[in-house]
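A.B. asks: Can you look at this prediction? I've put the sequence above it.
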Amino acid sequence: MDIRQELGTKLQQRLIPTPQLQIAIRLLQLSRLELVEEIRQQLDANPALEELEIPDTTVSLDAPTRELDETAEAAEARPEQTPAPRDPDDLHAANEADSMSRGDSMDWEKFIEGYSTFSHGPQVRVSNDEYPSVEATVGNRSSLTDHLNWQLQLSDMPDASRLVGEYIIGNINEDGYLVDVTDEEIADATGATVQHVREVLARVRNFDPPGVASRTLGECLLAQVELRFPDNHKLRQMIANHLPDLEKRNFAAIARGLKLGHDELRDLIAELQSLEPRPGRQYSSDDVIYIQPDVYVIKVGDDYMVVVNDDGLPRLKISQFYEKTLSRTTTGEARDFVKEKLRAATWLIKSINQRQSTIRRVTESIMKFQRDFLENGVEHLRPLVLREVADDVGMHESTVSRVTTNKYVHTPRGIFELKFFFNSRITAAWGIEDHSSMSVKTRIKTLIDGENTASPLSDQEIVQILGKEGVIIARRTVAKYREAMGIAPSSRRKELK
């Protein structure tokens, strides 16, 4: 075999992302909080960037039409002023393409003109009712571990017992159960005897909340019964012997085993349902996450206006000191340094402007397709895919995907992630428009919420009801949607009447 090295030329086309394109793509896929953090980091790293303080010009969600009219009237009443700089996208689109090749001959003073400020349109300020309460934001709730340790310190246990108690409390999960550790393992870890561990464990199980430090659901419920219903022997027997039957809704077997009538069994189940299967739930450390929407959809008359939420985003401008430094510095490393920082600053400002504009355009397109949802609710959500929006706004599908990831919109119907509006298509009967998977899920949940709990709807019965409404769907699809919504099968939804 002849192996040789040869020199040759070949013509090919490839896309080489410019630094500005890389910045724009990276900013586009950031969430709102990540964008704020990125801007803060750039402000710290780039001395050519400064934060601009501007007065608030807000648009209230409560009365958008009135405030917009007042803004327009105020603008007419003001004397004529020097026109604001044109949008950077229009003013310097051509100049930017040549900036890399012209080097020092580029007039940087004119180049950065128009990039001096972050574009700031009308902001949106939500009413006070939409902000979280003070208690929800500054409250310092104690955790279950803190609550149990506080009771341990108040107890009269000796130091050796407290050491065992601390080890036990440290192994209690957030639901209040003692898991993944045996009495023998606790004894080995603390140097105590197994009998001593069991004595301390019995003391800990008497702490608040009732049922804490149990290893099984039955132990947890029995501990609460001893405290709340000490004389109810039937309830104790049902927990000890018939929890599997209760899970399967086999009420006949429970009634036979406990020799109870219909009314007695119903009252007994009501008492059982008053117990807490997860005693640590009230001390859960999971805080509510409050979402700041990236864009607002506001109804103005018969139309819907899309406003990008710039509230809370730092406004950027080019440092005048570095502008003057560039004009005074003609050669050397200092000029190269200033040029690089000014170039990075202008790219960042333009990329942020482009990001906000892209989010607005994509949201406007989505709301155009989903107007029935805005008017009538989730059940009228139409099937939609990324390609339809991409074709409508003239972008690539990947761009639309980046725009709609981790971005939220505030609509008259609530706050939703932009991805929420993209749903697969469910075939409808002849002559009827196809349905979205989300609207079908909502309809399934509505049917289950309104069912007779003594005789719940089976998946096949739901299929038949939807078929009469023109929705063609398989039983396994109904089961998949039901499980995705966390709804139990009909055999486990049955209740005793």
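C.D. replies: Here it is on my side, so go on. In this text the structure is predicted, and so the values were computed from the model without any measurement.
A.B. asks: contacts and neighbour counts: CA atoms only from here.
C.D. replies: Noted.
A.B. asks: now the helices for the stretch 201-350 of the chain?
C.D. replies: Assigned by DSSP state H, counting those that start in this stretch, the stretch 201-350 of the chain shows helices spanning 217-228, 233-241, 243-247, 251-258, 262-273, 320-328, 332-369.
A.B. asks: mean pLDDT lowest for which of the ones you listed?
C.D. replies: Of all the helices of the stretch 201-350 of the chain, mean pLDDT reaches its minimum on helix 320-328 (a mean of 76).
A.B. asks: buried stuff in that helix?
C.D. replies: Within helix 320-328, the residues that count as buried by 16 or more other C-alpha atoms under 10 Å are 322, 323, 326.
A.B. asks: if we can go back for a sec, same list, the helices of the stretch 201-350 of the chain, but as CSV with distance to residue 182 please.
C.D. replies: Converted to CSV, the helices of the stretch 201-350 of the chain look like this (distance: least, C-alpha to C-alpha, whole Å):
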stretch, distance to residue 182
helix 217-228, 15
helix 233-241, 22
helix 243-247, 24
helix 251-258, 32
helix 262-273, 28
helix 320-328, 68
helix 332-369, 55
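A.B. asks: So for residue 188, which of these sits nearest?
C.D. replies: Proximity to residue 188 (C-alpha to C-alpha) singles out helix 217-228 among these, at 24.1 Å.
A.B. asks: so the closest one versus helix 233-241, what angle?
C.D. replies: Relative orientation of helix 217-228 versus helix 233-241 (axes from the mean of the first three to the mean of the last three C-alpha atoms, to 10 degrees): 160 degrees.
A.B. asks: Dump helix 217-228 to PDB, restricted to CA.
C.D. replies: Extracted C-alpha coordinates of helix 217-228, given in PDB (Å, rounded to 0.1, in the frame of the first residue of the first chain):
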ATOM      1  CA  LEU A 217     -46.600   4.200  58.300                       C
ATOM      2  CA  GLY A 218     -48.400   1.800  60.700                       C
ATOM      3  CA  GLU A 219     -46.100   2.800  63.600                       C
ATOM      4  CA  CYS A 220     -46.700   6.500  62.800                       C
ATOM      5  CA  LEU A 221     -50.500   6.200  62.700                       C
ATOM      6  CA  LEU A 222     -50.600   4.000  65.800                       C
ATOM      7  CA  ALA A 223     -48.600   6.600  67.800                       C
ATOM      8  CA  GLN A 224     -51.100   9.300  66.800                       C
ATOM      9  CA  VAL A 225     -54.000   7.100  67.700                       C
ATOM     10  CA  GLU A 226     -52.600   6.500  71.200                       C
ATOM     11  CA  LEU A 227     -52.500  10.200  71.700                       C
ATOM     12  CA  ARG A 228     -55.800  11.300  70.000                       C
END
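A.B. asks: Please spell out which residues along it are buried.
C.D. replies: Within helix 217-228, the residues that qualify as buried by neighbour count (16+ other C-alpha under 10 Å) are 217, 218, 219, 220, 221, 222, 223, 224, 225.
A.B. asks: Measure how buried the residue lying closest to residue 435 once chain neighbours are set aside is and give me the count.
C.D. replies: Excluding the flanking residues, the one nearest residue 435 by C-alpha to C-alpha, 6 or more residues apart in numbering is residue 426, at 5.0 Å. Counted with other C-alpha atoms under 10 Å, residues neighbouring residue 426 total 19.
A.B. asks: What is the burial count for residue 260?
C.D. replies: Neighbours of residue 260 under the rule other C-alpha under 10 Å: 15.
A.B. asks: my guess is residue 335 meets residue 327, correct?
C.D. replies: No - using C-alpha atoms under 8 Å, residue 335 is not in contact with residue 327, being 9.1 Å away.
A.B. asks: if I look at residue 200, how far off is residue 371?
C.D. replies: Note on residue 200: its distance to residue 371, by C-alpha to C-alpha, to the nearest Å, is 63 Å.
A.B. asks: Heading C-terminal from the helix or strand where residue 442 lies, find the next helix or strand.
C.D. replies: Residue 442 belongs to helix 437-449 when assigned by DSSP states H and E. Next along the chain after helix 437-449, taking DSSP H and E as the criterion, comes helix 459-468.
A.B. asks: What is that next one packed up against?
C.D. replies: The contact analysis (3 or more C-alpha pairs under 8 Å, 6 or more residues apart in numbering; DSSP states H and E) places helix 459-468 against helix 475-484.
A.B. asks: can you list contacts of the helix it packs on?
C.D. replies: With C-alpha atoms under 8 Å, 6 or more residues apart in numbering as the test, helix 475-484 has contacts from 441, 444, 445, 459, 460, 462, 463, 488.
A.B. asks: same thing with stretch 262-277?
C.D. replies: 217, 220, 221, 224, 234, 235, 255, 496, 497.
A.B. asks: Help me confirm that residue 351 comes into contact with residue 22.
C.D. replies: No - between residue 351 and residue 22 there is no contact under C-alpha under 8 Å: 9.6 Å.
A.B. asks: ok, back up a step: for residue 297, which of the helices of the stretch 201-350 of the chain is the nearest?
C.D. replies: Of all the helices of the stretch 201-350 of the chain, helix 332-369 sits nearest to residue 297, with 8.4 Å by C-alpha to C-alpha.
A.B. asks: buried ones in the helix or strand following that closest one?
C.D. replies: The first helix or strand that comes after helix 332-369 along the chain, using DSSP H and E, is helix 371-376. Neighbour-count burial for helix 371-376 flags 371, 373, 374 (criterion: 16+ other C-alpha under 10 Å).
A.B. asks: Among these, which one lies nearest to residue 390?
C.D. replies: Of all these, residue 371 has the smallest distance to residue 390: 17.6 Å, by C-alpha to C-alpha.
A.B. asks: Strands along the chain, start to end?
C.D. replies: Secondary structure of the chain (DSSP state E): strands at 49-52, 58-60, 123-125, 295-300, 303-308, 315-318, 408-411, 414-417, 425-426, 435-436.
A.B. asks: Pipe these into CSV and attach mean pLDDT and distance to residue 477 per row.
C.D. replies: As requested, the strands of the chain are arranged in CSV below (pLDDT from 0 to 100; distance: least, C-alpha to C-alpha, whole Å):
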stretch, mean pLDDT, distance to residue 477
strand 49-52, 84, 53
strand 58-60, 50, 43
strand 123-125, 52, 41
strand 295-300, 92, 33
strand 303-308, 92, 35
strand 315-318, 86, 49
strand 408-411, 93, 28
strand 414-417, 91, 24
strand 425-426, 74, 10
strand 435-436, 77, 13
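A.B. asks: got those strands as TSV, with distance to residue 188 columns?
C.D. replies: Below are those laid out as TSV (distance: least, C-alpha to C-alpha, whole Å):
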stretch	distance to residue 188
strand 49-52	60
strand 58-60	64
strand 123-125	59
strand 295-300	57
strand 303-308	60
strand 315-318	60
strand 408-411	52
strand 414-417	50
strand 425-426	59
strand 435-436	58
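A.B. asks: Which one, of the ones you listed, ends up nearest to residue 39?
C.D. replies: strand 315-318 (8.7 Å).
A.B. asks: Could you give the separation of the closest one from the chain centroid?
C.D. replies: Computed by C-alpha atoms, centre = their mean, to the nearest Å, the chain-centroid distance of strand 315-318 equals 29 Å.
A.B. asks: Return the alpha-carbon coordinates of that strand using CSV.
C.D. replies: Only the C-alpha atoms of strand 315-318 are listed here, as CSV (Å, rounded to 0.1, in the frame of the first residue of the first chain):
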residue,chain,number,x,y,z
ARG,A,315,-29.3,49.4,32.7
LEU,A,316,-25.9,49.6,31.0
LYS,A,317,-24.0,52.4,29.3
ILE,A,318,-20.5,53.0,28.0
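A.B. asks: for that strand, packing partners?
C.D. replies: Secondary-structure packing of strand 315-318 (3+ C-alpha pairs under 8 Å, 6+ apart): strand 49-52, helix 332-369.
A.B. asks: Please consider this matter closed, and thank you.
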